[in-house]
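K.L.:
sequence plus the predicted model coming up.
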Amino acid sequence: MNIILLGAPGAGKGTEASKIVDTYKLPHISTGDIFRENIKNQTPIGLLAKSYIDKGLLVPDEVTCKIVEERISREDCKNGYMLDGFPRTIAQAEALDKITKIDLVINIDVDFSLLLDRLCGRRVCKDCGETYHLKRLNGETKCARCGGELYQRKDDNPETVQSRLSVYNDQTAPLIEYYTNKGVIFNVDGSTTPEAVHELVSAKLDSMK
Ligand code: ADP
Ligand code: ZN
């Protein structure tokens with residue numbers, strides 16, 4: 001099964017993605033993670049991506065589409081995969097339609113007023129990518145899952161977050177209609193808890209087996 005996770009920054013795509021991966025063993029393809037890995041290794045793609053990501057802007061479609069196309073053509077994706085953070089523009093969705101068939105788009109819907117706090121308080125494990133909220137960490141600085149150091153993403157500051165949210169509104173939100181028209185969208189309320197989201201998503205995925 002080929003799945004897309006759609007949602008605003010902070011909607012909980014990453015959290016739900018790691019739950020789906022644990023349960024359904026699908027390769028998890030996060031364009032954000034791929035870019036961060038490239039930035040860490042100072043590759044040419046990383047250097048280019050950094051100049052956009054630090055401003056809260058999208059990396060150009062040509063670059064992003066090429067990376068995804070290469071990634072989903074690999075052997076481990078032949079029985080399905082899960083895209084997280086891609087597509088983010090109509091042009092990316094159209095490029096994807098040319099190379100693959102999408103079975104389900106899970107749209108995690110969260111009220112905008114919650115996103116700013118979620119993003120600015122977010123802490124991420126540098127080793128496994130698990131995310132936490134500052135308020136629930138109670139001073140803890142290590143990952144509960146693997147013991148890795150927690151850090152704040154450079155783009156999780158109020159200014160960059162504002163620009164990411166407006167980029168989402170302008171460029172990514174239109175994808176909801178795009179996939180609704182294709183009849184593949186599944187809307188989930190993401191303002192509840194990660195567990196409640198996962199329960200709804202698992203029920204949907206199980207019904208499609
Ligand atoms: P979030 O969903 O929390 O904003 P991601 O980790 O998915 O974070 O992405 C971080 C940044 O990487 C984005 O703000 C954007 O600059 C860049 N990026 C990720 N995916 C894409 C994409 N599909 N197209 C263009 N830029 C992307
Ligand atoms: Zn960890």
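P.N.:
Thanks, I have the structure now. Ligands and ions are numbered 1, 2, ... in the order given.
K.L.:
endpoint to endpoint, stretch 119-138 covers what distance?
P.N.:
17 Å (Cα to Cα, to the nearest Å).
K.L.:
in it, what's buried?
P.N.:
119-125, 129-132 (16 or more other Cβ atoms under 10 Å). Just so you know, the C-beta spots here come from the backbone N, C-alpha and C atoms, and that holds for glycine as well.
K.L.:
next one: stretch 39-59
P.N.:
Using 16+ other Cβ under 10 Å as the test for burial, stretch 39-59 gives 39, 45-46, 48-50, 52-53, 56, 58-59.
K.L.:
check stretch 24-32 too.
P.N.:
For stretch 24-32, using 16+ other Cβ under 10 Å, the buried residues are 24, 26-32.
K.L.:
list the helices and strands the helix or strand hosting residue 162 packs on?
P.N.:
Assigned by DSSP states H and E, residue 162 belongs to helix 158-167. For helix 158-167, the packing partners by 3 or more Cβ pairs under 8 Å, 6 or more residues apart in numbering; DSSP states H and E come out as helix 112-120.
K.L.:
what's the following helix or strand after the helix it packs on?
P.N.:
Next along the chain after helix 112-120, with elements defined by DSSP H and E, is strand 122-125.
K.L.:
any part of the helix or strand following that next one near ligand 2?
P.N.:
Toward the C-terminus, strand 122-125 is succeeded by strand 131-133 as the next helix or strand (DSSP H and E). No - Strand 131-133 lies out of reach of ligand 2 by Cβ under 5 Å from the ion, never closer than 9.5 Å.
K.L.:
and after strand 131-133, which helix or strand comes next?
P.N.:
Sequence order places helix 134-137 as the next helix or strand after strand 131-133, per DSSP H and E.
K.L.:
surely residue 84 is in contact with residue 13?
P.N.:
Yes - using Cβ atoms under 8 Å, residue 84 makes contact with residue 13 at a distance of 5.2 Å.
K.L.:
about what we covered before: need the residues that contact the helix holding residue 162.
P.N.:
Residues outside helix 158-167 that contact it (Cβ atoms under 8 Å, 6 or more residues apart in numbering): 8-10, 54-58, 112, 115-116, 119-120, 154-155.
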